[in-house]
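> Need the 3D shape of this:
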Amino acid sequence: MATRLLGAKLNLLSVRDVLNARDKELSDGGGLLLRCAGPSAAWVFRYTSATGKRREMGLGACARHNARAAGESLAMARNLANQQRALLAAVPPLDPIDERNKANDARREAERKRKAEKQQEKATLVRVARAYHEKFIEPKRHPKRSADWINSLENHVPAALWHKPIAEITRAELLEFLRNIQGRMADTGRQVRRRLDEVFEEAVEQGTLSVNLVAMLHAKLRREHKPKRVTPHEALAFAAAPAFVE
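As a prediction, the model looks like this:
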């Protein structure tokens, strides 16, 4: 079919034909058709795919409110039809509709990624933490405990991390911060780590992150900050007590 299209007579329509057509289908040759229904009209490319399937591909509406518009629309349709013929003539042949669908899918995926990246830029650690706090902590806890929860992060997480997009926070800088705070204030450090763990897990659930870095660092931090074992003094034998007192 591609060979027949390439060998077919082309450019059969005039601008006047385009302007005056009503309620019929006109061929410009090579599979390009003008389909009219009263004053409205549209361009169609008809072809046979490599699998032998007869298909029609819409090329858009035909503007024909004046001669200039009709001429421009005709030129545009011919250009689009030539692009489809080139696909059919490729080795191996490509199906124009399938290729257009692939291109549309690729554009949609690119747009989805662009929006996701834009959303990630907005999703700073502080915003994710406050949203999590508002959704899960405030409704379930006493106001004072709820305030303590978010304040522990507001007061101890460095501003450089706190206002950074959560997806851009690296394992190294997170480890450095958690090591530092647990080394200086063990109990507070563990509390902050647990709360950050909840925030990062929520970001994973929302699709902002693929992994929870805080959870990944937990075992390492636990090994590094084992509590010192307290060894009690040996008990004094009862018989030795008088001598000890003296």
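
> Quickly list the domain ranges of the protein.
2-100, 125-224 (automatic domain parsing).

> can you tell me which of those comes nearest to Lys115?
Between Lys115 and the domains of the chain, the shortest gap by Cβ to Cβ is with domain 125-224, which sits at 11.8 Å. In short, each C-beta sits where N, CA and C put it, glycine included.

> rewinding a little: export the domains of the chain to TSV and tack on distance to Ala116 and mean pLDDT?
Formatted as TSV, the domains of the chain follow (distance: least, Cβ to Cβ, whole Å; pLDDT from 0 to 100):
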stretch	distance to Ala116	mean pLDDT
domain 2-100	25	92
domain 125-224	8	94
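
> now these as CSV including distance to Glu117?
Below are those laid out as CSV (distance: least, Cβ to Cβ, whole Å):
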stretch, distance to Glu117
domain 2-100, 26
domain 125-224, 9
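
> got a markdown table for the ones you listed, with distance to Arg112 and mean neighbour count too?
Below are those laid out as a markdown table (distance: least, Cβ to Cβ, whole Å; neighbours: other Cβ atoms under 10 Å):
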| stretch | distance to Arg112 | mean neighbour count |
| --- | --- | --- |
| domain 2-100 | 19 | 16 |
| domain 125-224 | 11 | 16 |
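
> Identify all contacting residues around stretch 196-215.
116, 119-120, 123, 125, 128-129, 131-132, 136, 153, 157, 166-167, 169, 171, 174, 178, 193, 218 (Cβ atoms under 8 Å, 6 or more residues apart in numbering).

> Can you work out which other helices and strands pack against the helix ranked longest in the chain?
If you go by DSSP state H, the chain has its longest helix at helix 96-122. Contacts defined by 3 or more Cβ pairs under 8 Å, 6 or more residues apart in numbering; DSSP states H and E place helix 96-122 against strand 54-61, helix 67-89.

> can I get the ones you listed in CSV with distance to Gly207?
Below are these laid out as CSV (distance: least, Cβ to Cβ, whole Å):
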stretch, distance to Gly207
strand 54-61, 35
helix 67-89, 36
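
> and Val18, which of those is closest to it?
Closest among those, using Cβ to Cβ: helix 67-89, at 4.4 Å.

> circling back: ok, which of the helices and strands packed on helix 96-122 comes nearest Lys140?
strand 54-61 (55.0 Å).

> Could you tell me the angle between that closest one and helix 67-89?
150 degrees (axes from the mean of the first three to the mean of the last three Cα atoms, to 10 degrees).
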